[in-house]
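In: sequence unavailable; structure follows:
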């Protein structure tokens, strides 16, 4: 059984991209190299945070949660203040 990841990328303008994957290194590399959809023309990107989950469904739920309303505002606030943790 492999792990699943929810990751947050940040660009030089402070924009965030939140995604999930089961192959973190490959997925982040594709973003950084400009080979992934929405992030292609908005880089350069840096990995700002990662959370690990045991199932794809848990990771997807967390991804959706971080993309929505108050959770998204809190995520932006923490990352802009330079604070990160295993769970945001």
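Out: Yes, it's here. Because the structure is predicted, anything quoted here is derived from the model rather than measured. Numbers count the residues shown, from 1 in each chain.
In: now do the same end-to-end measure for stretch 16-36.
Out: Start and end residues of stretch 16-36 are separated by 14 Å (Cα to Cα, to the nearest Å).
In: tell me the mean pLDDT over it?
Out: For stretch 16-36, the mean per-residue pLDDT is 93.
In: so how far is that stretch off the chain centroid?
Out: Relative to its chain's centre, stretch 16-36 lies at 8 Å (Cα atoms, centre = their mean, to the nearest Å).
In: which residues are contacting it?
Out: Stretch 16-36 is contacted from outside by 2-11, 38-45, 47-48, 50, 56, 59-60, 62-63, 66-67, 75-76, 79, using Cβ atoms under 8 Å, 6 or more residues apart in numbering. (C-beta placed from N, C-alpha, C; glycine too.)
In: out of those, which are buried?
Out: 4-11, 39, 43, 45, 48, 59, 62-63, 66, 75-76, 79 (16 or more other Cβ atoms under 10 Å).
In: now, the residues you listed that are in helices?
Out: Taking DSSP state H as the definition of helices, those contribute 59, 62-63, 66, 75-76, 79.
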